Each structure stands twice: as C-alpha cells, then as structure tokens.
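Participant: turn this into a structure:
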Amino acid sequence: MPTPLDKALNSKVLFGGIVTAVAAWSIWGQNIFPKEGDPTGDPEKWTREELRRWLAARNLHPSPNDTDEQLLERVKANMRTLRV
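Facilitator: Below you'll find the predicted structure:
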C-alpha cells in the first residue's frame, strides 16, 4: 500500500519543482546579490558610506558616531603603503 510520501515522490510536479530549484541554484549559486567591491582611488574623495564599508570589510568596526574626519583618519592609518 503506497504511503503519502510514495505518492509525493512519484508526482511529476514535485519532481519538476525540484529540478527547477536545483537548476536555479546552480545558475545563480549563493551570489544572487553580490557584495559591493572595495572603493578605489583617493580615500579623501570617498563618501561616508565608502569609508565605513572599507573599514567594516577589514573588521575595524566603525562606530556610527564617528565623524567623516575620524573615519578618514582610520582608513589612512590602516591602508597599506605602496612600495616603489
């Protein structure tokens, strides 16, 4: 005697849904909404949000109360210098 689980597994609609879900996952993967990249260029020209995002990406946890000048100072203190 077939159980409700047996009936569900034999259903073509359920099988089609599973195949569709697996195909969508393999196409898009986990990066459906990719993160924004690091800001580039001169940090003095970055917006407040770019400064905060740069610090947060490096686990430097910017405070919401920090001023733009404090954020810029922290970014400059933690940037790697270019070697010539």
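Participant: which ones are touching the residue nearest the centre of the chain?
Facilitator: Centroid check for the chain by C-alpha atoms, centre = their mean gives Lys35 as the closest residue, at 3.4 Å. Residues near Lys35 by C-beta atoms under 8 Å, 6 or more residues apart in numbering: none. All C-beta atoms are positioned from the backbone trio N, CA, C, and that covers glycine.
Participant: and it, which of the three is it?
Facilitator: At Lys35, secondary structure determined by DSSP: H, G, I helix; E, B strand; the rest coil is coil.
Participant: where do the helices of this structure begin and end?
Facilitator: 4-9, 12-28, 48-57, 68-78 (DSSP state H).
Participant: most tightly surrounded among those?
Facilitator: For those, the largest average neighbour count (mean count of other C-beta atoms under 10 Å) is found in helix 48-57, namely a mean of 16.
Participant: chain center to that helix, what's the gap?
Facilitator: Mean-position distance between helix 48-57 and its chain equals 14 Å (C-alpha atoms, centre = their mean, to the nearest Å).
Participant: and that helix, what other elements does it pack with?
Facilitator: helix 68-78 (3 or more C-beta pairs under 8 Å, 6 or more residues apart in numbering; DSSP states H and E).
Participant: isn't Arg53 up against Pro43?
Facilitator: No - between Arg53 and Pro43 there is no contact, the gap being 11.7 Å when judged by C-beta atoms under 8 Å.
Participant: give me the common contacts of those two.
Facilitator: Going by C-beta under 8 Å, 6+ apart, no residue sits against Arg53 while also sitting against Pro43.
Participant: Ala8 versus the closest residue in space to Arg74 that isn't next to it in sequence, what's the distance?
Facilitator: Computed as C-beta to C-beta, 6 or more residues apart in numbering, the closest residue to Arg74 that is not its neighbour in sequence is Leu55, at 6.0 Å. Relative to Ala8, Leu55 is positioned 50 Å away (C-beta to C-beta, to the nearest Å).
Participant: before we move on, what about Met79?
Facilitator: 57 Å.
Participant: please compute how far the worst-scoring helix or strand of the chain on mean pLDDT lies from its chain's middle.
Facilitator: Here the helix or strand of the chain ranked lowest by mean pLDDT, DSSP states H and E is helix 4-9, holding a mean of 76. Distance, stretch centre to chain centre, for helix 4-9: 38 Å (C-alpha atoms, centre = their mean).
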